[in-house]
Structures are given as structure tokens and as C-alpha cells.
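Engineer: Got a sequence here, can you build the structure:
(2 chains)
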Amino acid sequence: MTLLGQFALWAGLLAALWTALVGFSGRWRDRPELAAAVIRGSFAVCAAMIVAALALWKGLLTHDFNIEYVWAYTSRNLPDAYVITAFWAGQKGSLLFWALVLSLFGALAQLVTGKRHERLMPYVAAVTCIVAAFFIGTMLLSANPFDRLPVTPPDGRGLNPQLQNPGMVIHPPMLYLGYISITIPFAFAIAALLSKKLDTGWLHAIRKWTLLSWLFLAIGITLGMWWAYVELGWGGYWAWDPVENASLLPWLTMTAFLHSVMIQEKRGMLKRWNLSLIVVTFLLSIFGTFITRSGVIASVHSFTQSNVGFLFLVFLLSTGAAAFSLLYLRWPALKPDAQLESLASREAAFLFNNLVLVGIAFSVLWGTLFPILSEWVRGVKVTVGPPFFNRVNIPLGLLLLLLTGIGPLIAWRKTSPANLRRQFLWPAGFGLAAAAGLAVAGMRDRYALAALILAAFVLGTVTQEFWRGARARVRMYGEAVPLAVTRLVNRNRRRYGGYLVHVGILVYFVAFAGMAFKVTQEVTLAPGETAEIRSPYGHTYSFTHLGVSQYEALNRIVSAANLEVRRDGGRLGTIKSEKRQHVDSFGEKTFEPSTEVGIRSDLREDIYVVYAGSIGGTERANFAISINPLVWWVWFGGVVLTFGGLLTMWPGGRTMAPRRRRDVQAGFEANLAGPDSDAPLAEVVR
Amino acid sequence: MKAGTKFLIGATVIVASVAFLMVTSVRETGVYFLTPSELVQRTARDSTFHDVGIKIGARVVPGSIRRNDAERRVDFEVTDGTHHFPVTYVGLVPDTFTDANDIEVIVEGKYGRDGVFRATEVLAKCGSRYESAYEAIKA
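Structural biologist: Numbers count the residues shown, from 1 in each chain, chains lettered A, B, ... in the order given. This next block holds a predicted model:
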């Protein structure tokens, strides 16, 4: 099978290079048959990558330990699900996964994009293929997943136990899908620049793609938080680790783009800025893959070190230089159609939101690269950790949350003072009520207070938007409230899905605020002994050590410590935390022992127990016990955000041609109830 | 005043705050990342290095680990081949911190004037055991 895999890689590389060469040359412009051949080229790359991927999966599933990759990441006693997902457990397989998914997305983009963009498509094929060629070339040059060993070992090394977790099965592919799918909007941006078709056409072609990659990244990041929380055992879900930061960066710039693109659609402004954001987002996605896979910056997540880092750096720099040069060449053609009219306008709110998002991204990038930068500049390595990122990003995050509440309340172009009062009365009141309630409850942490108050304000904004929209429908059509809400959302999924995403974000902020009140205690307990911890809500938790039991499971020897948990004397149940020693099928130890955290989760707080080992072979054991407030809400925020994101992308629904939309906007804005003419009234008038 | 000008003022305020936050935060939370040799040389030249937080990237001297589980304390020595000094840490060490040969650690803390590094955090990674198994198979 490796021969077939090698062949497929070479075939894919040649097809990708040919497609890129002919595609970029532009010779297909007057020759439709050549244009069609270029597009078929991207299908050929896709076919080759599918063959290569199947070859690697075959090797994994047949336990062909003569293939180095199979030997390095699986073993005979590894559960089948993990054998399949070991495909992306290591660097070489990840690169193949990248190339596979990219070529699939590239082919899909060719299939689903409408006829009216056909002048762009060969360029799109060229960009996706040159990126694919880079990944395939990297594999062939220095990280070939089909490398064979000189001998066939009887069993493989097994999968790192920290990766044997359901979260880890889907977290990397989700993140990769996010990183990879950004290539498609980038390809359209480059195609628009090359073909000089710089109207909003390409923006419409990529709308779903940008939402898709944004959503994949968001899901991937949240799953990564979940994995870190349940598997790494340090008691939190976000450590500002370089790999985590790297996944956040393209998500931040993509979030900025999703907002600023609306300004371009409605007002023809920010063309240069939007193109720059897409290019930067693409570069950051490559940078993210590079950080994860290069070992340039020490991280708990980067499992490998290798020389592919250099290739990535070269690719990153040359792509960046090429894209920005092209942008510079087209600079004069990208003049804005309009100017900012008032600071009290949706445009201004979005511009500030963009600045803050890019500011956050820049500070995170800066902090992540600071060890390298400081060594270059000052000759001594200085690192910054969570205190840096929190100090910088908590104020900026709160400002962003404030803008999340303000943006939907103010109209495009300009808003009158009377309108501002009408719009802000209820949401601001809601925020103030929350402030009063929290003050009475005795909360003093100023950042947590600010986060909760602003979250209430944003919730007020979103509720008011739904309420006014639904009320207008009830009055206009006499619909019942549930029907009115459903139709309201259905008629403008982008807008109301976006509001749901805002709700997801505010839920995250509430959950983050909760972690300000986390308590942790390290205790040593003999069986029968009890430790007490006071929770942030004022409850007293007691933990009684019930003893350590040992047993063997499929591929591991387990020591499990059980604690009985009581809240204010009432029994809640037992929590089990394990030490696992993984073994191969001959009973030989494979990896270092790993810890399985015990977690009991409810809406208010998580009880998080880490069994840190026994003392001198007895059942007397060390534990780290944490009470983590509001952690459940992180995962819930992720669900809300995902639901909202899916809603914005759902096919069908009402679509309006962009020109038409702007006319409606201009004509009726002054009279409309809502700040946005997408409200149902607009339909009636129409 | 034109809206564009007003926006520019607002934008300047935001950019300046981001820059201000970044500069002050680096100054107040930045931690030197040194090898044992660099640390020994720098403290010899400038004794204030004893008073600031430092991160050390080093290898654990094989056989030097003394665990006192009852007190949740670990003492060990770190080296980069040239200089070595003792580290003491109270707290729970990660799973990867074992008695296996050649574990690499990142320890954060302060280097006392008595020559003992008091760690507030210990991170460990161990890969060499598997790498050597790999070399054995390749050979």
C-alpha cells in the first residue's frame, strides 16, 4: 500500500503544480477548454489525495508496523476508533490530512460556486492547488507518512495516552477544518485581485465559506478547551499556550472580517481592509499549523519537533509577500465608494470592533512570539505567560463585549439622539439592574463585575431585537408570538443567527468571569480521612478518601482513587480520579503514567479532582481539588454559538440582491422602527 | 468636526491603549527564560537577578530526584552540561516528571542567594526514551 500512497503523493504534486502554473498564467482566458482543464486539475489533486489517504488508513487498520507512521502512533491493543484517528495524531499524517481536506474543499468550491463567477474559478483552482502542492511537497521532502522501517516490529509504540480521549478524536480535525477552509476565501480574494473583478461578487461567493471556517475554528477551539480541561489536569481550560493562541488568532481576524464585510456590502467601504483581513487570516492559519507542528515554541500541545518548520516559514513569508504585493498593485482600483458619515453609526461601531479584534490578535501574536522577538532584539529570552495575556486582553475583551451590545442598536450611516434613547433605554436598564443585583449580592471582583454587567447589556440588546422584530410581525400579520419569532428568524437567518452567536459569546464571558472565583487546594489523605473546602458560593464541601483500587483494562493498568463528596453535610456521590499506566500487548510499559481527572459538573460549579499519586506504595494519597465556578457555561456557550452559526449558514431562506438591498436601505431607513431595514416592515413596504 | 476625524481620534485612543497595555504588561509580567549557565553568569555579574522571576530550561541530573510525597515536596538538580544547581519545589509534579533518564524540565521561580532555585512551577517533557527506541529499531 505504501507504494500506491507514494505514487498518489507524486501524482497529486504534479497535478497540483500543473494546475497552479496554467491557472496563474491566465492563458485560459480566451480558451474555455483550457479553463475547464485547470478546474479538472483540482479534481485530479483531490482524487490523488483520497487514494493516498485510503492507503494510509489501510496501513493503520491492518497494523502494518513496517510503516514507520503506523508503528509510531498505534499498537495492536489500541481501540479501533483511535487507530482510525491516529491518522492525524502525528505530524506526517496531519500534513496528509491537510492536503486531503484542502483538495476536497478546493474541489467542492469548484462544484458549488455559481456560473456567474466562472471568470474567477481557474484562479481559485490555482491558489488551492499551490497550497496543496506545498503540503504534498513538504511530505515528500521531509515528512513522508509512507516511510518504511528496515525491519517490521512485532507491535507499535501506541498512541500517546493524552490523545486517547474522545475530545481529541474530533478536536484536531475540527481545528484543521477551520484552518484549511480559510484557504477558499483566500483563493477567491486572490482570484478577484488577479482577474480585477473587484466588485462584491467574490464576497458573495465566499460568504458561506467564511462562516464555515469561522464556525469550524470556534468549535475546534472550544473542543480544545474541553480536552485541556478533562485531560491535562491542571484545572483550567485556557492556558494561553502557544498552540491555543495560534488557533485563536485566525478566529479573531475572521470575526473582524465577518463584521467589516457587511460594511463593504452595504456601503462599498473598507475594500482594502477586507482583502487585507482575508490575507492575514490565511497567513495566521498557516502560522497556526506551523506552530502546532514545528516545535519552534515550546508547548504542551506540539507533540513533534522537526525540520518542516523551515519549509513552513519560507511558505509563510513568500505567500505573504506575494499576496500583499498583488494587493498593492490593485490599491488604486479599491477606492471606497462612500465615507463615514457619523460616529453614531453601525459602520463606526463595526470599525471600532475591528480595531479591538485586530488589537487583541496582535497582542496575542506578540505575546506568543515574544520569546523569539526578545532574543533577537535584546539577546536574552524573555517569556510572557497568562498574566500578560490576561492583563492585556481582559480590558480589550470587555470593550469588545460593550461594542457587541452597542452595534446592533445603532443604525447604518447615522442615528438621531431620539433614536439612540429609544434603542438604548431597555438594554442599558437591563445592564444597570444586573449591576445593582450583583452589588447587593456582594460581588467585588471588578473585572468579573464588568463582564457580568456587560453580558446583561448584550443580552438586553439581543432580546430587544427579537422582541421588536416579533412584535412588528404580530401587529402586521396577526401571527402568534412563537410563529412570529420563527418567521422572523427564518426570513433573516444571517441577522438573527448572528445575534444568537452574540448570546453564545456573552455566555463565554460569563463563564470566564466565573473562573475569577476558582479555589484550589492540595491535600494528603489516608483512607477514611476528610478534607474540607469552602466553595465561592459559601458552601462547605467535604471530601472523604475511600481508598485506592487497582485493576487492568484493555491497554492499561489503572490505579483509581475514590473520594466521597458532601455539600454542607449532604452526600453528593463519589468522584474517581485515575492514574493510568499504558502497556503494549506484551505487558511492557509504553508511555509515562497519565492522570484521568475526576469531574462532577453542574450549572453552578465543577468539582475537579486530580489524584496525584500515592505515598510510598500505601493508599495514602495526594490530591489537588478545585472548585471551578460556571465551567459548564463554556460548553453551553459553545453550543449556542454553534447553533447560531449554523443558522446563519443554513441554505435557502430569503435572499435579496445586494443592489436592491441598498435601495431599500436608503429609501426607508428614516421611517423604520428598527435600526436595520432588514426588519419585517421593509418587506411590507416592498 | 468630520466623522472621519472623530473616528481617527477614537482609533488612536484604542491603538494607544493596546500599545500601553502591551508595554506595561511585558514590563510587569515578563520572565527571563535562561539556561543554567546563563543564569549563573548573569547572577554573578548582576545580583538583582536573584530577586526576579526566572524560567529555566534544563535537563534533570539523572538520579538526583528526591521525592517527599508526604510533604508534596521534590528536590532535584538541573544541568545544561556546564553548570548545575539544586531545585526545590513544593507542589504536585506532572506525570511526565519521572525518574527516567534525560527528562527536560522548565522550572519557574527564583534563584536564591544560597544557590538553591525555589520553583513555583515545574513542567516536564520526556521524549528521549521513545526516540532511542526508534533509533534502535532503525539501526
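Engineer: Run me through the strand neighbours of the one helix or strand A:Tyr611 maps to, direction for each.
Structural biologist: In this structure, A:Tyr611 sits in strand A:605-614 according to DSSP states H and E. Its sheet considered, strand A:605-614 pairs with strand A:598-601 (antiparallel), strand A:621-629 (antiparallel) by DSSP bridges.
Engineer: Which of the ones you listed has the highest mean neighbour count?
Structural biologist: Most buried of the strands paired with strand A:605-614 by mean neighbour count (mean count of other CB atoms under 10 Å in any protein chain shown) is strand A:621-629; its value is a mean of 23. In this view, the C-beta of every residue, glycine as well, is placed from N, C-alpha and C.
Engineer: Give me the distance from it to the chain's centre.
Structural biologist: Per CA atoms, centre = their mean, to the nearest Å, the displacement of strand A:621-629 from the mean C-alpha position of its chain is 29 Å.
Engineer: One more: stretch A:33-41?
Structural biologist: For stretch A:33-41, the distance to the chain centre is 34 Å (CA atoms, centre = their mean).
Engineer: again, but for stretch A:454-463
Structural biologist: Relative to its chain's centre, stretch A:454-463 lies at 24 Å (CA atoms, centre = their mean).
Engineer: same question, stretch B:52-65
Structural biologist: In terms of CA atoms, centre = their mean, the centre of stretch B:52-65 is found 9 Å from the chain centre.
Engineer: got the end-to-end distance for that stretch?
Structural biologist: From its first residue to its last, stretch B:52-65 covers 25 Å (CA to CA, to the nearest Å).
Engineer: How about it, which residues are buried there?
Structural biologist: B:54-60, B:65 (16 or more other CB atoms under 10 Å in any protein chain shown).
Engineer: Can you report how many residues neighbour residue 88?
Structural biologist: Picking chain A for this. 23 (other CB atoms under 10 Å in any protein chain shown).
Engineer: wrong chain, I was asking about chain B
Structural biologist: The local packing of B:Thr88 (other CB under 10 Å) involves 15 other residues.
Engineer: Turn the buried residues of stretch B:52-65 into a markdown table, including distance to chain A and pLDDT.
Structural biologist: Converted to a markdown table, the buried residues of stretch B:52-65 look like this (distance: CB to the nearest CB, whole Å; pLDDT from 0 to 100):
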| residue | distance to chain A | pLDDT |
| --- | --- | --- |
| B:Ile54 | 10 | 91 |
| B:Lys55 | 6 | 90 |
| B:Ile56 | 11 | 90 |
| B:Gly57 | 8 | 87 |
| B:Ala58 | 13 | 88 |
| B:Arg59 | 14 | 87 |
| B:Val60 | 14 | 89 |
| B:Ile65 | 13 | 89 |
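Engineer: which one of the residues you listed is nearest A:Leu396?
Structural biologist: B:Lys55 (25.6 Å; CB to CB).
Engineer: That closest one: what secondary structure?
Structural biologist: Using DSSP: H, G, I helix; E, B strand; the rest coil, the structure places B:Lys55 in strand.
Engineer: quick one: contacts for the spatially most central residue of chain B?
Structural biologist: With distances taken as CA atoms, centre = their mean, B:Lys55 lies nearest the centre of chain B, 2.6 Å away. If you count contacts by CB atoms under 8 Å, 6 or more residues apart in numbering or on different chains, B:Lys55 has them with A:383, B:31-34, B:106-108.
Engineer: of all the strands paired with strand A:605-614, which lies closest to A:Ala513?
Structural biologist: strand A:621-629 (8.8 Å).
Engineer: As CSV, could you dump the C-alpha coordinates of the closest one?
Structural biologist: Taking Å, rounded to 0.1, in the frame of the first residue of the first chain, the C-alpha atoms of strand A:621-629 are listed here in CSV:
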residue,chain,number,x,y,z
ALA,A,621,-2.5,9.8,48.5
ASN,A,622,-2.1,13.3,47.3
PHE,A,623,-4.9,15.2,45.7
ALA,A,624,-5.4,18.5,44.1
ILE,A,625,-9.1,19.5,44.5
SER,A,626,-10.6,22.6,42.7
ILE,A,627,-14.0,24.2,42.8
ASN,A,628,-14.3,25.8,39.3
PRO,A,629,-17.4,28.0,39.0
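Engineer: buried stuff in the following helix or strand past that strand?
Structural biologist: Later in the chain than strand A:621-629, the nearest helix or strand by DSSP H and E is helix A:632-649. Buried residues in helix A:632-649, counted by 16+ other CB under 10 Å: A:632-638, A:640-642, A:644-645, A:647-649.
Engineer: Just name the closest of these to chain B, please.
Structural biologist: Nearest to chain B out of these is A:Val634 (CB to the nearest CB; 23.3 Å).
Engineer: and that closest one, what does it touch?
Structural biologist: With contacts defined as CB under 8 Å, 6+ apart, A:Val634 is in contact with A:222, A:225-226, A:237, A:508, A:511-512.
Engineer: where in chain A is pLDDT low?
Structural biologist: Chain A contains residues with pLDDT under 70 at A:293-307, A:652-686.
Engineer: Dead centre of it: give me the residue that sits there.
Structural biologist: Geometric centre of chain A, nearest residue: A:Leu217, 2.2 Å, by CA atoms, centre = their mean.
Engineer: I'd say that residue and A:Leu252 touch.
Structural biologist: No - in this structure A:Leu217 lies outside contact range of A:Leu252 using CB atoms under 8 Å: 9.6 Å.
Engineer: Sheet partners, orientation included, of the strand or helix carrying A:Ser549?
Structural biologist: Using DSSP H and E, A:Ser549 sits in strand A:540-553. If you go by DSSP bridges, strand A:540-553 pairs up with strand A:530-534 (antiparallel), strand A:556-567 (antiparallel).
Engineer: can you redo those as JSON lines with distance to A:Leu193?
Structural biologist: Below are the strands paired with strand A:540-553 laid out as JSON lines (distance: least, CB to CB, whole Å):
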{"stretch": "strand A:530-534", "distance to A:Leu193": "59"}
{"stretch": "strand A:556-567", "distance to A:Leu193": "54"}
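Engineer: Can I get those in TSV including mean neighbour count?
Structural biologist: Formatted as TSV, the strands paired with strand A:540-553 follow (neighbours: other CB atoms under 10 Å in any protein chain shown):
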stretch	mean neighbour count
strand A:530-534	14
strand A:556-567	19
